[in-house]
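> Generate a structure from the sequence data that follows.
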Amino acid sequence: MRELVKIQPQRSSSTVLLHRGGCATYPGEVELIFRKDAMVALAEPDIGSVRSASRPPG
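Got it, this is the predicted structure:
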């Protein structure tokens, strides 16, 4: 599951957040994307990563 990244949906005034696949910070229903796609998404201004999830897996 380390190669997958969870997408936490955007709330009204926040950004979309990405979580490492095994992260338990956001337990809600999520969509999973591949890590390489998450790296591309992080270049967008309205997408961020959870602080504990910002280290690349490995």
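> contacting residues around the residue nearest to the spatial centre of the chain?
Nearest to the mean C-alpha position of the chain, by Cα atoms, centre = their mean, lies Leu18 at 1.2 Å. Contact partners of Leu18, counting by Cβ atoms under 8 Å, 6 or more residues apart in numbering, are 5-8, 38, 41-42, 47-50, 53. For the C-beta atoms, the positions are set from N, CA and C on the backbone; glycine is no exception.
> Return the subset of those lying in helices.
Applying DSSP state H to those, the entries found in helices are 38, 41.
> so Leu17 is in which element?
Using DSSP states H and E, the element containing Leu17 is strand 16-20.
> separation between the residue nearest to the centre of the chain and Val40?
11 Å (Cβ to Cβ, to the nearest Å).
> contacting residues around Leu17?
7-8, 26, 47-50.
> follow-up on the earlier one: nearest residue to the residue nearest to the centre of the chain in space, please, no chain neighbours.
Nearest residue to Leu18 in three dimensions, chain neighbours excluded: Ser49, at 4.7 Å (Cβ to Cβ, 6 or more residues apart in numbering).
> which residues touch that neighbour?
17-19, 38, 42 are the contacts of Ser49 under Cβ under 8 Å, 6+ apart.
> Many thanks, have a good one.
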